[in-house]
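> Fold the stuff below for me.
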Amino acid sequence: MNFKHLYFIFLFLLAFSCKQETVSLTKIEGKLIPITDTLNVNSKIEAFIKPYREHVEANLDSVLSYAVNTYSKSDGEFNTAIGNFMADVVYEQANPIFKSRTGNDIDMVILNHGGIRSIISKGNITTRTAYEIMPFENSIVVVSVKGTNINALVLYLINAKRAHPVSNFKLTLDRNFNPVESLINGEKIDTTKTYYVATNDYLYSGGDNMTFLKPNDSLYDLSYKIRNALIDYFKKTDTINPVIDDRFTQIK
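Okay, here's the model as predicted:
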């Protein structure tokens with residue numbers, strides 16, 4: 001065999017080796033693997049975690065305060081005892097922080113009805129209670145807005161027809177849902193005035209369509225979680241007994 005024949009054989013083998021086969025996916029199969037209590041526990045991992053778990057559980061179950069009754073966000077039409085309580089706590093706990101930093105007082109508070117994730121049961125209140133009510137990491141922020149934004153807030157509450165928690169604010173509607181009275185700290189809303197509204201970072205970002213918080217003059221992040229405000233309030237308050245009042249009502 002001469003060199004020419006060897007050369008053609010080499011080219012043939014090279015072309016054959018470079019040929020690629022087309023591969024396509026024809027079927028996907030899966031298998032359900034249930035996780036049950038029959039799975040074996042790793043004793044070493046369990047022994048390592050146990051003291052930390054017991055420490056966390058002990059902290060969560062430590063008694064902080066006492067509730068006279070059971071409070072639920074479904075107890076009222078336009079305001080609820082638990083909603084009023086949460087808004088008032090935010091004001092009481094956040095206002096000293098805000099005033100120390102700015103020299104100003106918070107004018108009002110607005111939260112959202114859906115942010116209340118549990119009831120407060122009659123009896124002992126623990127740290128776990130605060131986590132159940134507010135499991136989210138929402139922080140308190142204060143927004144400075146003009147009175148025109150407050151008018152938009154009033155319109156939002158009228159259209160929502162829900163018991164969104166408010167504090168230092170009063171809104172009365174007639175039977176046709178027209179505003180009869182809207183007050184901040186007992187005074188009529190001044191469209192030219194700047195108001196400091198406390199809320200949480202979720203609502204400030206447009207959560208629950210609360211777009212009336214923007215535009216604003218300035219934003220103050222207090223780096224203070226609502227859950228921590230609740231815990232701090234429970235620690236200093238022996239007994240809580242919030243009520244449904246006249247801060248947001250309708251004349252029938």
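
> Report the buried residues of the helix or strand containing Leu153.
Using DSSP states H and E, Leu153 maps to helix 147-160. Going by neighbour count (16 or more other C-beta atoms under 10 Å), the buried part of helix 147-160 is 147, 149-150, 153-154, 156-157. Quick note: C-beta positions are derived from backbone N, CA and C, even for glycine.

> wait, which of the residues you listed is closest to Leu32?
Nearest to Leu32 out of those is Tyr156 (C-beta to C-beta; 46.1 Å).

> picking up where we left off before, and the buried residues of helix 147-160 as TSV, adding pLDDT?
Formatted as TSV, the buried residues of helix 147-160 follow (pLDDT from 0 to 100):
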residue	pLDDT
Gly147	95
Asn149	95
Ile150	96
Leu153	97
Val154	97
Tyr156	97
Leu157	98
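
> quick one: which of these is nearest to Tyr220?
Closest to Tyr220 out of the buried residues of helix 147-160 is Asn149 (15.6 Å), distances taken as C-beta to C-beta.

> Stretch 67-80: end-to-end distance?
15 Å (C-alpha to C-alpha, to the nearest Å).

> where does the stretch 101-250 of the chain dip in pLDDT?
For the stretch 101-250 of the chain, applying pLDDT under 70 flags no range at all.

> after the helix of greatest length in the chain, next one along is what?
Counting by DSSP state H, the longest helix found in the chain is helix 81-102. Next along the chain after helix 81-102, taking DSSP H and E as the criterion, comes strand 108-110.

> That following strand - contacts with which helices or strands?
helix 81-102, strand 166-167, strand 169-173, strand 194-200 (3 or more C-beta pairs under 8 Å, 6 or more residues apart in numbering; DSSP states H and E).

> Just confirm Asp107 contacts Leu153, I think it does.
No - counting by C-beta atoms under 8 Å, Asp107 stays clear of Leu153, with 11.5 Å between them.

> joint contacts of the two?
Shared contacts of Asp107 and Leu153 (C-beta atoms under 8 Å, 6 or more residues apart in numbering): Val197.

> picking up where we left off before, restricting to C-alpha, output the helix holding Leu153 in CSV.
Only the C-alpha atoms of helix 147-160 are listed here, as CSV (Å, rounded to 0.1, in the frame of the first residue of the first chain):
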residue,chain,number,x,y,z
GLY,A,147,-51.7,67.2,53.5
THR,A,148,-52.7,66.3,50.0
ASN,A,149,-51.2,62.8,50.5
ILE,A,150,-53.3,62.5,53.7
ASN,A,151,-56.4,63.3,51.6
ALA,A,152,-55.3,60.5,49.3
LEU,A,153,-54.9,58.2,52.4
VAL,A,154,-58.5,59.1,53.4
LEU,A,155,-59.7,58.2,49.9
TYR,A,156,-57.8,54.9,50.1
LEU,A,157,-59.4,53.9,53.4
ILE,A,158,-62.9,54.8,52.0
ASN,A,159,-62.4,52.6,48.9
ALA,A,160,-60.8,49.8,50.8
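
> Give me the contacts around it.
Taking C-beta under 8 Å, 6+ apart as the rule, helix 147-160 contacts 108, 110, 164, 166, 171, 173, 177, 179, 182, 184, 189-193, 195, 197, 209-213, 216, 248.
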